[in-house]
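In: give me a 3D structure for the following:
(one chain, ligands or ions: 1)
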Amino acid sequence: MHAIVIHEFGGYDVLQYEEVPDPTPEPEHAIVRVLACGINRYDLFLRMGGVKKHTPLPHVMGADIAGEVVSIEGDPYGLAVGDRVIVAPGFPVDPNDWEFKPENLAPSYTVTGTSRWGGYAEYASVPTRFLVPDRSGLAPEEAAAVPLVLVTAVHAVETLGEVGYGQKVLVQAGASGSGSMCIQMAHHLGAQVATTVGDDAKIEFARGCGAELVINHRREDFAEQVRAWTGGAGVDVVIDNVGGGIFAGNLAALKPGGIFVNFGLVGGVKDTLNFAALIFQQHQIRGSMMGSQAELLRGWGLVESGDLAPKLDRTFPLAQAGAAHAYIDSRSVQGKVVLLPWS
Ligand SMILES: NC(=O)c1ccc[n+]([C@@H]2O[C@H](COP(=O)([O-])OP(=O)(O)OC[C@H]3O[C@@H](n4cnc5c(N)ncnc54)[C@H](OP(=O)(O)O)[C@@H]3O)[C@@H](O)[C@H]2O)c1
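Out: Predicted structure coming up:
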């Protein structure tokens, strides 16, 4: 098969389009013909060596697989050869952890395509129990725009953020892959959503995801804008995928007793916490990593019912994975970028 193989960590040119052996059947695994594979910011960190202790080389990355079953062993869903599926974007890689609940707290839990080969390929071998039947009717490139940001949004917004009807929520980076899904999730749960973008060209996109207030963080102080939007009270929940550099602003936008959920670090991995302010404001600070299989299934149901939608910016042929990574680095993407192995 053809795949994007990395033999070393580094820039876009380490993404090499090559012929490699097809995956062979394994017990309790399925082989999936990859019709489309979504790219996540995580892939750029992995390519550069950010998670290299978990990634033996040569390696094929890719967490967001939409495809069809080619062969299958051990089948919890009654799937047949030819059926359309998506693959869980993270699961415990050690079979001894497969019964661990929630899966995203299992010792061997990793993002799909981190320590085992993933979806930047024509075929992938995945544990059958971590397939999800795809009866959405979506095109493969749309389905592949969903799984990782979907499970993230269910876990961060609904489970940890406890977002509910009538609340006000700030979601950072509203035109990002993860931000666009988190806005949709919060809006679906009945909240009013404020978000940030770094470019006026992204404002309409963020509104289309369900944001009521869209702030260009390059022109305006987002914390001031959010406080004004809430009549000075602050939002109930902040969902943050940026991390370092905006922590103080995020807490300034949050009401006393409000919930702060972080799952991303594009802005940096470190910031400063004022314990006195934390105690007096009684903020609840929560870290979020992917989500469980049950949360993925819950989210996928919302996609199948049309309550949540893929936000596909554009596709690239698999062979152009380097150009696709560069496009994501440009910060001009609105939603998701997806690779097509067979185009
Ligand atoms: N823990 C988890 O479960 C989980 C799951 C999904 C994603 N993540 C993390 O969440 C973050 C976002 O992921 P994503 O896939 O949604 O990213 P993405 O689609 O590539 O979007 C990232 C956006 O962040 C904004 N941004 C703000 N400060 C930035 C900076 N210093 N450098 C680059 N971009 C910056 C940019 O939007 P503007 O230019 O409009 O500001 C950019 O478009 C990443 O850190 C990713 O690893 C974590």
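In: quick one: buried residues of the helix or strand harbouring residue 178?
Out: Here residue 178 sits within helix 177-188, counting by DSSP states H and E. Neighbour-count burial for helix 177-188, counted by 16 or more other CB atoms under 10 Å, picks out 177, 178, 179, 180, 181, 182, 183, 184, 185, 186, 187, 188. Every C-beta, even on glycine, is put in place using the N, C-alpha and C of the backbone.
In: same check on stretch 64-78?
Out: 64, 65, 66, 67, 68, 69, 70, 71, 72.
In: what ranges do the strands span in the stretch 151-300 of the chain?
Out: All strands of the stretch 151-300 of the chain, identified by DSSP state E, counting those that start in this stretch, fall at 168-171, 192-197, 213-216, 235-240, 254-262, 284-287.
In: just the CA coordinates for stretch 81-95, please, in PDB.
Out: Only the C-alpha atoms of stretch 81-95 are listed here, as PDB (Å, rounded to 0.1, in the frame of the first residue of the first chain):
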ATOM      1  CA  VAL A  81     -17.000  -6.600   5.000                       C
ATOM      2  CA  GLY A  82     -17.700  -3.400   3.000                       C
ATOM      3  CA  ASP A  83     -19.500  -1.600   5.900                       C
ATOM      4  CA  ARG A  84     -18.500   2.000   6.500                       C
ATOM      5  CA  VAL A  85     -16.900   2.800   9.800                       C
ATOM      6  CA  ILE A  86     -15.000   5.400  11.700                       C
ATOM      7  CA  VAL A  87     -12.200   4.500  14.000                       C
ATOM      8  CA  ALA A  88     -11.900   5.700  17.600                       C
ATOM      9  CA  PRO A  89      -9.300   8.500  17.500                       C
ATOM     10  CA  GLY A  90      -7.800   7.100  20.700                       C
ATOM     11  CA  PHE A  91      -7.800   3.800  22.600                       C
ATOM     12  CA  PRO A  92      -5.700   1.800  25.000                       C
ATOM     13  CA  VAL A  93      -3.000   0.100  22.800                       C
ATOM     14  CA  ASP A  94      -2.400  -2.700  25.400                       C
ATOM     15  CA  PRO A  95      -5.100  -5.300  25.100                       C
END
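In: show me which pair in the buried residues of stretch 64-78 is furthest apart.
Out: 64 and 71 (21.3 Å; CB to CB).
In: ok, back up a step: which ones among the buried residues of helix 177-188 come in contact with the ligand?
Out: The subset of these within reach of the ligand, by CB under 6 Å from any ligand atom, is 177, 178, 179.
In: any idea how far the residue of the stretch 201-343 of the chain found nearest the ligand lies from residue 244?
Out: With CB to the nearest ligand atom, the shortest gap between the stretch 201-343 of the chain and the ligand falls at residue 264, namely 2.4 Å. Separation of residue 264 from residue 244 (CB to CB, to the nearest Å): 10 Å.
In: of these two, which one has the most company?
Out: Higher neighbour count among residue 264 and residue 244: residue 264, with 20 against 14, using other CB atoms under 10 Å.
In: what is the burial count for the nearest residue to that one once chain neighbours are set aside?
Out: Excluding the flanking residues, the one nearest residue 264 by CB to CB, 6 or more residues apart in numbering is residue 241, at 3.1 Å. If you count neighbours by other CB under 10 Å, residue 241 ends up with 25.
In: show me which residues of this protein sit near the ligand.
Out: Checking the chain against the ligand by CB under 6 Å from any ligand atom, the hits are 40-42, 148, 152, 173, 175-179, 197-199, 202, 241-242, 263-267, 288-290, 328, 331, 333.
In: now those: which count as buried?
Out: 40-42, 148, 152, 173, 175-179, 197-198, 202, 241-242, 263-267, 288, 290, 328, 333.
In: give me the element the residue nearest the centre of the chain is part of.
Out: Compute the mean C-alpha point of the chain, and by CA atoms, centre = their mean the closest residue is residue 149, 2.7 Å away. Using DSSP H and E, residue 149 maps to helix 147-153.
In: how far off centre is that helix?
Out: Using CA atoms, centre = their mean, to the nearest Å, the distance from the centre of helix 147-153 to the centre of the chain it belongs to is 5 Å.
In: stretch 114-128 now?
Out: That offset, for stretch 114-128, works out to 17 Å (CA atoms, centre = their mean).
In: what mean pLDDT would you report for it?
Out: The pLDDT scores in stretch 114-128 average 97.
In: for residue 333, helix, strand, or coil?
Out: Three-state call for residue 333 (DSSP: H, G, I helix; E, B strand; the rest coil): coil.
In: just give the closest residue to it, not the sequence neighbours.
Out: Distances taken as CB to CB, 6+ apart place residue 313 nearest to residue 333, at 5.0 Å, with adjacent residues excluded.
In: which pLDDT value goes with the one you found?
Out: 98.
In: ok, now which ones touch it?
Out: Residue 313 makes contacts with 333, 334, 335, 336, 337, as judged by CB atoms under 8 Å, 6 or more residues apart in numbering.
In: do that again at 10 Å, thanks
Out: Each residue near residue 313 by CB atoms under 10 Å, 6 or more residues apart in numbering is listed here: 145, 175, 177, 180, 205, 327-328, 332-338.
In: go through this protein and flag its longest strand.
Out: If you go by DSSP state E, the chain has its longest strand at strand 29-39.
In: give me the angle between that one and helix 177-188.
Out: For strand 29-39 against helix 177-188, the angle by axes from the mean of the first three to the mean of the last three CA atoms, to 10 degrees is 90 degrees.
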